[in-house]
Structures are given as C-alpha cells and as structure tokens.
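Trainee: sharing a model prediction with you, sequence too.
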Amino acid sequence: MYAHKAEVNLEGIHLYESKHKENYTIDNHYHKTHQLLYVLEGEGSCSLDGKDYNLEANNVVLIAPYCDHSIHSKTKMTNLVLEFNENALEQDVRDALLPSIFNLSRVLKLSIFDSKELRQLLRKMLYEQSHGDELYLLAKKIFLSEILFMLYRSRTTSNTNDTNSLRAEWLRNYIDSHYFEIETSADLAAKMGMSTRYIDSIFKDHYQMTPIQYVTKVRLELVEKMLVETKKDVVSICFEVGFESVSTFYRVFKKHTGLPPSRYRMKHQVLNPHPL
C-alpha cells in the first residue's frame with residue numbers, strides 16, 4: 001500500500017490518498033478517529049466489525065472509532081481517506097450529525113447527485129489542504145461539516161430495483177432539497193450525465209410532469225405557505241425559493257392560484273392571523 005498521511009491530532013482533519021496493489025490486504029485493525037473512505041477506482045472488499053462488504057468505485061465507507069476493520073483489493077484500488085477527530089467539529093455538529101452517521105460502520109452507495117456533491121467537497125478540501133491561506137483550517141472544518149450534513153440528508157433509501165424508477169426518485173429527492181438553485185433541465189441533465197430528453201421522459205413517466213414543472217410546483221407550494229405563515233416581503237420570498245425574475249414569479253403565481261401574491265396573502269391570512 002502507498003499512502004500520503006499525516007498524524008491526526010486531537011483537533012485534526014486530514015485528507016489523504018491510499019493506494020492498494022492488486023490482491024493486497026490490510027489486516028484487521030482500528031483507529032481512535034473517525035474515517036470516511038471514498039473509493040476513486042478499483043474493486044475490493046472490506047470487513048467492518050465482522051460484517052463483509054464489497055467495494056467498487058464511488059462507494060463510501062464509514063468507519064467509526066474503535067471499529068475493527070480490514071480491506072482487501074481485488075484489483076488496483078485507490079481511495080481518498082478523510083480522517084478526523086470529533087474535537088475538530090463544533091459541538092452542535094457533533095451532537096446533531098455524528099451519532100446518526102457513524103452509529104454503525106458501513107458501506108454506502110450514494111445517489112448520482114450526492115456522489116457528485118461529495119466529490120466536489122473533497123476537491124475543495126484537497127485544494128485548501130494544499131494551497132489554502134491562513135484560513136485553511138477553518139475551510140476544512142466547514143467542508144467537513146458540509147459533507148456530514150450531505151450524508152445525513154442522503155439517508156433516504158429505495159426498495160425499487162428498476163433503474164429508471166431509482167433515477168426518477170433520486171431526481172425528485174434532489175429537487176426537493178435544491179429547488180432554489182435549479183435553473184434549467186440542462187442543469188439537472190448535466191448533474192446526472194444524461195440527456196435532457198431522457199430525464200424529462202423518465203421523470204414524467206413516474207410523476208406525470210417534467211422535472212422543471214416539479215421544481216415550479218415545489219417553489220409555488222412553499223410560496224403559498226410562506227405568504228400565509230410569515231410576514232416576509234413578497235420579493236424576499238421570491239428570492240428565497242429560487243425565482244430569478246420578480247415579474248416571472250408574479251405571472252407564474254397568478255396563473256397557479258388565480259390571485260397575485262398580495263391578494264392571496266390577505267385572503268388566507270384571515271385563517272392565520274398571527275404569522276411569524
């Protein structure tokens with residue numbers, strides 16, 4: 001095995017490369033730190049507290065402190081290892097995220113979207129670690145917290161074995177949590193590595209609307225809720241849910257509800273006289 005590694009102290013966060021030759025085994029051992037292994041290439045297997053898992057590219061291995069684990073590479077395998085001590089994180093992150101993510105050492109197969117987001121966050125950490133300024137330690141803490149937050153949000157599982165159903169479900173889950181930043185179907189298609197026509201087709205087959213129609217639906221439902229339950233300005237609500245143009249927002253909202261936003265608010269706040 002070939003690895004770039006530095007000692008992880010009590011406050012440490014370190015990201016390093018671990019290379020494994022074909023048919024190489026790292027014997028059973030444990031660490032006092034948390035570890036996240038991201039498989040860049042190759043195939044192999046690992047044992048986590050006596051449970052065996054297969055490994056392939058884009059898998060994520062979560063290894064809790066003191067978990068007995070071993071790794072075997074069937075082919076040449078390269079991993080990125082993110083190792084950290086929980087003291088490197090803010091207390092609220094430690095309390096809210098670590099117990100649910102590292103409650104059990106296991107191997108994850110992320111969705112297309114989550115996998116791409118993880119890769120981008122790991123790239124940012126590598127950059128800060130290699131080229132960062134005096135704020136690089138803070139940057140690494142922020143990116144690590146983002147990774148943990150993403151893993152927490154990605155815990156939704158699916159029982160379907162149909163590839164198109166799974167892709168449509170991944171796409172819907174992605175829209176539900178990223179509706180504010182999606183501009184076009186081309187953006188979604190690029191994230192999935194597929195054509196716009198294809199993702200429109202599989203999504204419409206399962207949800208009877210295109211992905212962008214679903215984006216609009218999610219945004220408008222949130223606008224209705226915020227108009228009734230908050231005192232936020234209409235322009236602020238428009239910005240928050242992701243509409244780039246106020247005029248477009250007014251036109252789409254009126255077509256959806258039959259009323260402009262201000263009249264919708266006046267009509268429905270009668271039922272909720274004390275908005276936040």
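Mentor: Received, thanks.
Trainee: need the three-state assignment for residue 18.
Mentor: Put simply, residue 18 is strand when judged by DSSP: H, G, I helix; E, B strand; the rest coil.
Trainee: the closest residue to residue 262 other than its chain neighbours and residue 260: what is the separation?
Mentor: In this structure, residue 262 finds its nearest non-sequential neighbour in residue 234, 6.6 Å apart by C-beta to C-beta, 6 or more residues apart in numbering. C-beta here means a position set from N, CA and C on the backbone, and glycine is covered the same way. Distance of residue 234 to residue 260, given as C-beta to C-beta, to the nearest Å: 9 Å.
Trainee: residue 207 now?
Mentor: Distance, residue 207 to residue 260, by C-beta to C-beta: 28 Å.
Trainee: where does pLDDT dip in the stretch 51-200 of the chain?
Mentor: Scanning the stretch 51-200 of the chain for pLDDT under 70 picks out 155-162.
Trainee: could I get the full set of helices for it?
Mentor: With DSSP state H, counting those that start in this stretch as the criterion, the stretch 51-200 of the chain has helices at 91-96, 98-101, 112-131, 136-153, 163-178, 185-192, 196-207.
Trainee: make TSV from those and add distance to residue 218 to it.
Mentor: Shown next, in TSV, are the helices of the stretch 51-200 of the chain (distance: least, C-beta to C-beta, whole Å):
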stretch	distance to residue 218
helix 91-96	25
helix 98-101	25
helix 112-131	15
helix 136-153	16
helix 163-178	6
helix 185-192	13
helix 196-207	12
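Trainee: minimum distance to residue 55: which of those helices has it?
Mentor: Closest approach to residue 55 among those is made by helix 112-131 (14.4 Å; C-beta to C-beta).
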